[in-house]
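Chemist: Would you be able to build a 3D model of this:
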Amino acid sequence: MAAWTWRFENTDGAEVQPAVEPEEFTTQGDAESWIGEYWKDLLAGGIEQVHLFEDTTKIYGPMSLKDAQEA
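Modeler: You can find the predicted model right below:
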């Protein structure tokens with residue numbers, strides 16, 4: 001079974017630990033639902049952008065959390 005995970009980055013693109021620790025998700029939809037629920041907390045904690053991975057394969061990213069704030 002695939003594990004869906006997020007990579008969290010600051011403005012410089014360096015990987016950082018998020019203030020809200022996610023789990024490994026079993027579906028892409030679960031991972032995306034989680035980011036939709038916690039993106040404001042992540043942004044407030046210094047996370048600027050995220051990448052979504054299925055196991056070791058990058059699905060998409062970087063996706064800006066600041067863009068979500070402006071929408």
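Chemist: Which SSE is immediately downstream of the longest helix seen in the chain?
Modeler: Counting by DSSP state H, the longest helix found in the chain is helix 28-44. Sequence-wise, the next helix or strand beyond helix 28-44 is strand 49-54, with elements assigned using DSSP states H and E.
Chemist: ok so, going back, which residues in the longest helix of the chain does the neighbour count mark as buried?
Modeler: 31, 34-35, 38-39, 42-43 (16 or more other C-beta atoms under 10 Å). All C-beta spots, glycine's among them, are computed from the backbone N, C-alpha and C.
Chemist: Stretch 13-27 too?
Modeler: Buried, per 16+ other C-beta under 10 Å, within stretch 13-27: 18, 22, 25.
Chemist: In terms of distance to L65, which of these ranks first?
Modeler: Distance ranking of these against L65, using C-beta to C-beta, places P18 first at 10.6 Å.
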